[in-house]
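# give me coordinates for this.
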Amino acid sequence: QVQLVESGGGLVQPGGSLRLSCTATGFTFSNYVMKWYRQVPGKEREFVAGMINSGGSTIYGDSVRGRFTISRDNAKNTVYLQMNSLKSEDTAVYYCYAGFRSYNYWGQGTQVTVSS
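This next block holds a predicted model:
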């Protein structure tokens, strides 16, 4: 059974850090491009960061570049999102995404709230 399970969300003060994890089961993780998206109620889902299957090339959304870092451990079937210098506007539900050819999977999301 295919599953993407996110963890690591929570409440953090502005300027703080969080690390999200997404662990995959049910497919060959190393074949897949992994991405993080986020969504605020009433708005479209926003691309945050992406990483190719080999773990080399990365890409970031304009609003997080320089503050967030995506990484992956193919041996653990896990992708991470290190979030530093968090701002109130980073508050959202964060989703993990896996894509390979016509196969696309989403996690259930984890809430990140940045507030004092």
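# which helix or strand contains the residue most central in space within the chain?
Geometric centre of the chain, nearest residue: residue 36, 3.1 Å, by Cα atoms, centre = their mean. With secondary structure defined by DSSP states H and E, residue 36 is part of strand 33-39.
# partner residues bridging the nearest residue to residue 34 once chain neighbours are set aside?
Distances taken as Cβ to Cβ, 6 or more residues apart in numbering put residue 79 closest to residue 34, at 4.1 Å, once the chain neighbours are dropped. (Each C-beta comes from the backbone N, C-alpha and C, glycine too.) Beta-bridge partners of residue 79, counted by DSSP bridges, are residue 22, residue 72.
# thinking again about what came up before, what lines up beside the strand holding residue 36 in the sheet?
Strand 33-39 sits in its sheet next to strand 46-51 (antiparallel), strand 92-100 (antiparallel), going by DSSP bridges.
# contact partners of that strand?
Applying Cβ atoms under 8 Å, 6 or more residues apart in numbering, the contact partners of strand 33-39 are 20, 22, 45-53, 70, 72, 79, 81, 90, 92-100, 109, 112.
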